[in-house]
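Engineer: What would the 3D arrangement of this be:
(one chain, ligands or ions: 2)
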Amino acid sequence: MRYRSTRGTLDAAAPDFSDILLSGLAGDGGLYMPDHWPHIPRETLTSWRSLSYADLAAEVIGLFTEGSIDRDTLRTMAHDVYGRFDHAAVAPLVEVEDGLFSLELFHGPTLAFKDMAMQMLGRLFEHVLKQRNHHVTIVGATSGDTGSAAIEAFRGREHVSIVILHPHNRTSEVQRRQMTTVLEDNVLNIAVEGDFDDCQDMVKAMFADEAFRTDCSLSAVNSINWARIAAQIPYYVRSALALGGPDRPVSFAVPTGNFGNILAAWVASQMGLPIDRLCVGSNRNDILTRFLLNNDMTKRQVEPSLSPSMDIQVSSNFERLLFEMLGRDPNRCRAIMEEFRQTGCMAVPHDAWEQIRETFHGIALSDEQTTDTMKALYAESHYLADPHSAIGLAAGRRFHEAGVPMIAAATAHPAKFPDAVKKATGIHPELPPHLADLFSRKERYDVLPNDIEKIKAAVRTHRGR
Ligand SMILES: Cc1ncc(COP(=O)(O)O)c(C=O)c1O
Ligand SMILES: N[C@@H](CCOP(=O)(O)O)C(=O)O
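Structural biologist: Ligands and ions are numbered 1, 2, ... in the order given. Take a look at the predicted model:
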């Protein structure tokens, strides 16, 4: 399998999976995409119904690593990774209402869906870096969950230094402590005086500085890295198969910020999984919902909400969908993205918008509506949802059609957001035993201004430690 950038051409020297795993973002500022969608025949999908989560993950991810990492290696990694999740099913399905299912993606070590992919990335990086005898500096931006998942996956790894930027005072305390109490030498946490979009912009700016990128051997583990998307596809396949796929379609509702998680579901549909609707749930940072309703992709100020991990205005992975809807035309894609960067307004061609709306639907919830949803889920179904998962379930309820199972991605454990959960339900969700002493652990992090030069200096120093 070869890869190409959303802003560049496919040439003979096209990178393979190992190359794009380490480089993360393409040199031209675009995002890597496979040069074609692997097709999974219906009989194969049917035969996968009996596979364990780990075996299924190896099959699905293996379609993107062909020529780079073999199936047996992937299988060993997947068994090791998913064998440590705290639920035997890895990503269990819970029927919350008739035909509405919660797909719990938070049974990994940091209690958020990011672990599903990030734990695999930790193993994949280690494998490729050892082979190449190479060291990288991972720089990542987080609104709360990617950071802790990445730090957990890469802490103490010999070939990796990791720097995570989070927006100062804009994550939950549990989220911050999950990052800042990891004291291994190879980990640096920076609280940026800005919002998540500022953090993400700085990561992209560091990648755009060719000399800096090369000097520090930068790598990315945000969902701009294709490997993250690839490793998020298996749970869509598995949950659809559990509810009758491929013989009948299912729909998915996904609480959305950077558009990586829902994009993985869309990719599954491109690979042959019958999917009816893909439903985006947003909080008051509703750029995607405005886009889906009115083709209005105008960036606004990021507003803090009850679901901080989705406090995002620039949904990086939308570029991948746009590229596809533009018939994989990198020049048009580059021009639209460049204009968006300069003006804060993305002019998506009308035909592309209409095509997107055939599958994608969107709904935005205020904090009050989110709280009401959490309250109702608990009162009516005895289901405790965190604010992000509640938004997914609300989107699922809104777009659920009779006869088509609706699967809502539950992206975080309620204990990551205890205040919001307590306020809505009266229940204080307890952290699991491995995190029970989180509030008495020592924290370490630097607070830095929203200034790219200061951040680069900190990354350099960390790299050279
Ligand atoms: C708990 C939670 N839910 C939802 C999202 C949104 O996912 P995505 O950015 O892939 O759209 C995030 C962050 O990415 C998250 O941490
Ligand atoms: N919500 C995310 C934001 C970054 O998303 P990613 O999927 O691109 O890594 C977070 O929790 O950090």
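
Engineer: so does stretch 130-142 get close to ligand 2?
Structural biologist: Yes - remark: stretch 130-142 sits within contact range of ligand 2 at Thr142, by Cβ under 6 Å from any ligand atom. Every residue, glycine included, has its C-beta placed from N, CA and C.

Engineer: So what would you say the end-to-end distance of that stretch is?
Structural biologist: Using Cα to Cα, to the nearest Å, the end-to-end distance of stretch 130-142 comes to 27 Å.

Engineer: Which residues of the stretch 201-350 of the chain lie near ligand 2?
Structural biologist: So far as Cβ under 6 Å from any ligand atom goes, the stretch 201-350 of the chain lies against ligand 2 at 222-223, 257-258, 260, 309.

Engineer: So which of the residues you listed sit within helices?
Structural biologist: In helices, defined here by DSSP state H, the members of those are Gly260.

Engineer: is it possible to export the residues of the stretch 201-350 of the chain next to ligand 2 to CSV including pLDDT, neighbour count and distance to Leu74?
Structural biologist: Formatted as CSV, those follow (pLDDT from 0 to 100; neighbours: other Cβ atoms under 10 Å; distance: Cβ to Cβ, whole Å):
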residue, pLDDT, neighbour count, distance to Leu74
Asn222, 95, 25, 22
Ser223, 95, 25, 20
Gly257, 95, 32, 28
Asn258, 94, 24, 25
Gly260, 98, 25, 20
Ser309, 93, 29, 28
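
Engineer: So which of the residues of the stretch 201-350 of the chain next to ligand 2 would count as near ligand 1 as well?
Structural biologist: Okay, of these touching ligand 1 (Cβ under 6 Å from any ligand atom), that's 223, 257-258, 260, 309.

Engineer: The helix or strand harbouring Tyr378 - what's its average pLDDT?
Structural biologist: Secondary structure from DSSP states H and E places Tyr378 in helix 367-381. Averaging pLDDT along helix 367-381 yields 98.

Engineer: One more: stretch 92-102?
Structural biologist: Stretch 92-102 shows a mean pLDDT of 98.

Engineer: Return the set of buried residues in it.
Structural biologist: 92-93, 96-97, 99-102 (16 or more other Cβ atoms under 10 Å).

Engineer: residue contacts, Gly27?
Structural biologist: 5, 8, 210 (Cβ atoms under 8 Å, 6 or more residues apart in numbering).

Engineer: could I get those residues as CSV with distance to ligand 1 and neighbour count?
Structural biologist: Converted to CSV, the contacts of Gly27 look like this (distance: Cβ to the nearest ligand atom, whole Å; neighbours: other Cβ atoms under 10 Å):
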residue, distance to ligand 1, neighbour count
Ser5, 20, 23
Gly8, 24, 18
Glu210, 27, 9
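
Engineer: quick one: which of the residues you listed is nearest ligand 2?
Structural biologist: Ranked by distance to ligand 2 (Cβ to the nearest ligand atom), the contacts of Gly27 are led by Ser5 at 17.4 Å.

Engineer: Make sure that closest one is actually in contact with Asp35.
Structural biologist: No - taking Cβ atoms under 8 Å as the definition, Ser5 is not a contact partner of Asp35, at 10.7 Å.

Engineer: on that earlier part again, mind giving me the packing neighbours of the helix holding Tyr378?
Structural biologist: If you count contacts as 3 or more Cβ pairs under 8 Å, 6 or more residues apart in numbering; DSSP states H and E, helix 367-381 packs onto strand 93-97, helix 387-399, helix 418-425.

Engineer: Any residue of it touching ligand 1?
Structural biologist: No - using Cβ under 6 Å from any ligand atom, helix 367-381 stays clear of ligand 1, coming no nearer than 12.1 Å.

Engineer: Repeat that for stretch 186-198.
Structural biologist: No - judged by Cβ under 6 Å from any ligand atom, stretch 186-198 makes no contact with ligand 1; its nearest approach is 9.2 Å.

Engineer: hmm, back to that, would you mind finding the most buried of the helices and strands packed on helix 367-381?
Structural biologist: helix 387-399 (a mean of 28; mean count of other Cβ atoms under 10 Å).

Engineer: What are the contacting residues of the helix or strand following it?
Structural biologist: Proceeding N to C from helix 387-399, the next assigned helix or strand is strand 406-410, under DSSP H and E. Strand 406-410 is contacted by residues 93, 96, 99-106, 113, 239-240, 243, 250-255, 261, 277, 279, 385-386, 389, 392-393, 395-397, 399-400 when judged by Cβ under 8 Å, 6+ apart.
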